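> sequence first, then the predicted structure, then my questions.
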Amino acid sequence: MASDADVQTSWRLLDYIGVDYAGAVADGKVISSAEYGEMTEFAAQVETRLKALPAKPAKADLLRRSATLRSAIAAKSAPAVVAEQSHLLASALLAAYPVPLAPGTPPDLNRAAKLYAENCASCHGVNGDGRGRDAAKLDPPPIAFTDKERADQRSLFGLYQVISQGLDGTAMQSFEALPEADRWALAFYAGHFAYPDAAASEGERLWRERADIRSKYPNLAALVGTTPAALARDLGPKNAAMLTAFLRRHPDAVTARPDGSLALTRERLAESLTAYRAGDRKAAAELALSAYLDGFEPVEPVLSARDAALMARIETGMAQLRAAIGQGRPTAEVEAANRSLANLFAEAEAVLAPERASGASSFLGAFGVLLREGLEALLIVVAMIAFLAQSARSCDFGQVEERTLNA
């Protein structure tokens, strides 16, 4: 049985294809073999995942669209064509199998406060208590966002859906005209009222000190799709309330990695290798894909601008790792692929944030750059030293010869 995660991953792969295919093909020709390889691999993964979905009337059309997309990529069709096909398939997928998605970046809550005052406070109240100036005129009355019992059962994605679609039979209208980022910001803002400021500081301590809690929210999709009630079943009501108070005020904590930009990538690949060693190829494959989509893909634009060749090598290495896992190669080969990627990540971290890179990471990064790009310079230096040494010997010989003649 397919889970929400399966549909979410398919949607994200389609979105990635729609955006990044232009970096793989231009004028019917491959301009980046690494990017094109990813497009081909990801389109195939989408089709495989769609085939595993539960039977629905729309499933046959999704598979038809998926086959068309794969053919377009194989034919090196124009980026506009592939982008349209991938985005239409992504929309059709969500229409057939609705699941929680997530904002692309942490919402701007300062802007959210202004949006709430302009669009929501007159009904729901300035403090979210449902007692806005127009509340008495409405039947049924507007929801009080401060009602914790109700808020515990509501995910941020649920709030986002209501903000986007409105609520039939009530005065709650659709705000679909607002940009998607603004609707997500409003969802986070409306969702924070039931969890007081005082609890947020304790929630921050929990987040900082407990890796098991951070692992529950590897990305924004996990955050917006989880209800506080579900979290309370794992952590207890008090801890769940404190953590919810913090993360709904500071969603950027989910995407921030204190140990470096590629910390999440490293975590996922380590988990993938553990799963592979245990014989769980499916989990290993999912974790390896998460390492790319959740960990590496967000830093691609910056790394591409600073060192495109290194980025391409990492993309190729991760694709080779996924292929090794998919083919069930010997564990030693998968371990070797992971070690190779670890060295490349050290280089990347030095390129992305040299001021934050650890001593070991900086050394490995610098050493990798030297090996890749500095050998010619090193040979030139060696040649110069040899030339100077030869010149010195010639000079010494000339001085001896001159002294001999004078004698």
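Cool, got the structure. Numbers count the residues shown, from 1 in each chain.
> domain parsing of the protein, as residue ranges.
4-96, 109-255, 263-372, 376-406 (automatic domain parsing).
> quick check: which of the ones you listed is nearest to Ala102?
domain 109-255 (3.9 Å; Cβ to Cβ). The C-beta positions use only the backbone N, C-alpha and C, and glycine is treated the same way.
> picking that back up, present the domains of the chain as JSON lines; the columns should include mean neighbour count and distance to Ala102.
Output for the domains of the chain, formatted as JSON lines (neighbours: other Cβ atoms under 10 Å; distance: least, Cβ to Cβ, whole Å):
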{"stretch": "domain 4-96", "mean neighbour count": "17", "distance to Ala102": "8"}
{"stretch": "domain 109-255", "mean neighbour count": "17", "distance to Ala102": "4"}
{"stretch": "domain 263-372", "mean neighbour count": "18", "distance to Ala102": "11"}
{"stretch": "domain 376-406", "mean neighbour count": "10", "distance to Ala102": "45"}
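> distance to Pro103 and mean pLDDT for these - can I get that in CSV?
Output for the domains of the chain, formatted as CSV (distance: least, Cβ to Cβ, whole Å; pLDDT from 0 to 100):
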stretch, distance to Pro103, mean pLDDT
domain 4-96, 13, 92
domain 109-255, 4, 92
domain 263-372, 13, 82
domain 376-406, 45, 49
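> chain center to stretch 273-284: distance?
22 Å (Cα atoms, centre = their mean, to the nearest Å).
> straight-line length of it, end to end?
Stretch 273-284 has its terminal residues 6 Å apart, counting by Cα to Cα, to the nearest Å.
> start the count at 312 instead of 1 going forward.
Will do, 312 is the new start, and the previous item becomes stretch 584-595.
> what strand or helix carries the closest residue in space to Glu491 that isn't next to it in sequence?
Distances taken as Cβ to Cβ, 6 or more residues apart in numbering put Pro414 closest to Glu491, at 7.4 Å, once the chain neighbours are dropped. Using DSSP states H and E, Pro414 maps to neither a helix nor a strand.
> pull the contacting residues for Met622.
The contact partners of Met622, by Cβ atoms under 8 Å, 6 or more residues apart in numbering, come to Glu611, Leu614, Ser615, Ala659.
> inside strands: which ones of those residues?
Using DSSP state E, the subset of those located in strands is empty.
> let me know whether the residue nearest to Glu491 touches Ala492 as I believe.
Yes. With contact defined as Cβ atoms under 8 Å, Pro414 and Ala492 form a contacting pair (6.5 Å).
> go ahead and confirm Ala564 touches Phe557.
Yes. Counting by Cβ under 8 Å, Ala564 does reach Phe557; the two are 7.2 Å apart.
> can you pull the residues that touch both of those two?
Jointly contacting Ala564 and Phe557 under the rule Cβ under 8 Å, 6+ apart are Glu515, Trp518.
> unless I'm mixing things up, Gly514 is touching Met553, no?
Yes. Counting by Cβ under 8 Å, Met553 is a contact partner of Gly514 at 3.9 Å.
> show me where the stretch 562-711 of the chain has its helices.
Secondary structure of the stretch 562-711 of the chain, counting by DSSP state H, counting those that start in this stretch: helices at 563-566, 574-588, 592-601, 611-617, 619-637, 642-663, 670-684, 686-717.
> hmm, who's touching the first one?
The contact list for helix 563-566, computed with Cβ under 8 Å, 6+ apart, reads 416-417, 515, 518, 528-531, 533-534, 557-558, 609.
> between those, which is nearest Ala594?
Looking across these and measuring by Cβ to Cβ, the closest to Ala594 is Pro529, at 14.1 Å.
> what ranges do the helices span in the stretch 412-561 of the chain?
Assigned by DSSP H, counting those that start in this stretch, the stretch 412-561 of the chain shows helices spanning 420-430, 432-435, 459-462, 467-476, 491-501, 508-520, 522-525, 531-536, 539-546, 548-560.
> format those helices as CSV; extra columns: distance to Ala623.
What follows is those, written out as CSV (distance: least, Cβ to Cβ, whole Å):
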stretch, distance to Ala623
helix 420-430, 36
helix 432-435, 50
helix 459-462, 46
helix 467-476, 35
helix 491-501, 30
helix 508-520, 35
helix 522-525, 31
helix 531-536, 27
helix 539-546, 40
helix 548-560, 35
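> nearest to Met629 among those would be which one?
helix 531-536 (20.0 Å).
> what's the closest one packed up against?
Secondary-structure packing of helix 531-536 (3 or more Cβ pairs under 8 Å, 6 or more residues apart in numbering; DSSP states H and E): helix 467-476, helix 563-566.
> if you set the cut-off to 10 Å instead, what comes out?
If you count contacts as 3 or more Cβ pairs under 10 Å, 6 or more residues apart in numbering; DSSP states H and E, helix 531-536 packs onto helix 315-331, helix 467-476, helix 491-501, helix 548-560, helix 563-566.
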